[in-house]
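> Need a 3D model of the sequence below.
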Amino acid sequence: MTAAPRAVAVVPVRDGTPPSGTIDAVRTAAGHVVVIGDGAARAAASLGSLAVDVRAVEAVGFAPGRWAPALAELVAGSDVVVLPGSPDGRDLAPRLAAALDRPLVAGAVEVQADRIATSRWGGAVMVDVPVTGPVVVTVQPGVATPEAHDHGDGPDVRAIELRTVDRRDAEVVEVLGPDLATMDLAEAPRLVGGGAGLDSPERFEQLAGFAAAIGAATGATRVVTDRGWVDHARQIGTTGVVVDPSLYLAFGISGAVQHTAGLGDPDHIVSVNTEPHCPMMSMADLAVVADANETLEALLDLVADLPSTTAVTADPPTTSPGVEVAP
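I've put the predicted structure just below:
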């Protein structure tokens, strides 16, 4: 019988889509994964070379209270159980920790054999938590290095059959999409960032309007938040919020290392700057050598007739009757 891996990632999915932070959780667990939810097999297959061992648990809807006892049986042999720091991951983690009778360490940025480094106070403070036994951990999105733990072609996905049981759980009445103006930047799939190249607080109001028109959240650099033009909760970078969007548009951002190190691994970066050789332009897939203020005004004219997108919507899931591992 194969020994249980020291660490295993548990990834809750909806409609076959892994949540933000999945890459970080899987890499932290060295490629050992349990995927649970609607479309689990499809989501598991999408992990590709990130994974070395994947078990897929198909379950309709999202029912963390009912999932936890069954998942506890699956992962009890691993010392460290890692979940993504997404909303669903943060909801499932304490229930799983209770089912396993283990402590929960939230907001991890690094997991070692003897300690877990965690981010506190919005990233302003790093706190080391000693590891003295088995734990459940949630990891911050965007902290894993892109090249870590490449396992070649990836494994065959093993489906696990479950039987339903009568367990109480919270009932999902409705799923509301996040408000782009206030959502956690770490969860945003699209981000529009502004830096010192934007010349006034009013420019950031324009930036927010443009972001809403294209379904993106708005962030800023530390220079801007220190000026008081944007709230510090909107600060992107290692001294602010670590993000990992699929699309990042940077207006007037030169690309200080504190900022770029907190960007994760965006699929696409567009940078607008008058300095063609600054770090942000070097990172960009599309580098636009132009004044960020004038470019923003031109883009606002282009999107003026588009309906404003104020939330990212999702289809409400159906509830699950609960799951338990079949013998």
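> so how many other residues sit close to the nearest residue to residue 278 once chain neighbours are set aside?
Leaving aside its sequence neighbours, residue 278 sits nearest to residue 254 (C-beta to C-beta, 6 or more residues apart in numbering; 4.4 Å). (Glycine included, C-beta is placed from N, CA and C.) As a burial measure, residue 254 scores 19 neighbours (other C-beta atoms under 10 Å).
> how close does residue 254 get to residue 19?
Distance, residue 254 to residue 19, using C-beta to C-beta, to the nearest Å: 32 Å.
> Repeat that for residue 75.
Distance, residue 75 to residue 19, by C-beta to C-beta: 18 Å.
> the more surrounded of these two?
Just comparing residue 75 and residue 19: by other C-beta under 10 Å the higher neighbour count belongs to residue 75, 25 against 21.
> list the contacts for that one?
4, 8, 10, 34, 81, 96, 100 (C-beta atoms under 8 Å, 6 or more residues apart in numbering).
> And it, its phi and psi?
phi -110, psi 0 (degrees, to the nearest 10).
> and it, what pLDDT?
Residue 75 carries a pLDDT score of 91 in this model.
> do residue 54 as well
Per-residue pLDDT puts residue 54 at 89.
> Specify the local secondary structure of it.
strand (DSSP: H, G, I helix; E, B strand; the rest coil).
> in terms of contact, does it touch residue 26 like I think?
No. The pair residue 54 and residue 26 does not pass the contact test of C-beta atoms under 8 Å, sitting 9.1 Å apart.
> so what's in contact with these two at the same time?
Residues touching both residue 54 and residue 26 (C-beta under 8 Å, 6+ apart): 33, 47.
> where does residue 229 land in three-state SS?
What three-state DSSP gives for residue 229 is coil.
> wait, doesn't residue 237 sit right on residue 255?
No. When contacts are counted by C-beta under 8 Å, residue 237 is not listed as touching residue 255 (10.4 Å).
> Show me the shaky parts of the stretch 101-250 of the chain.
Filtered on pLDDT under 70, the stretch 101-250 of the chain yields the residue ranges 122-124, 142-156, 161-167.
> quick one: the strands in it?
Ranges of strands in the stretch 101-250 of the chain, per DSSP state E, counting those that start in this stretch, are 104-111, 115-120, 125-130, 135-139, 157-159, 162-163, 190-194, 217-220, 247-251.
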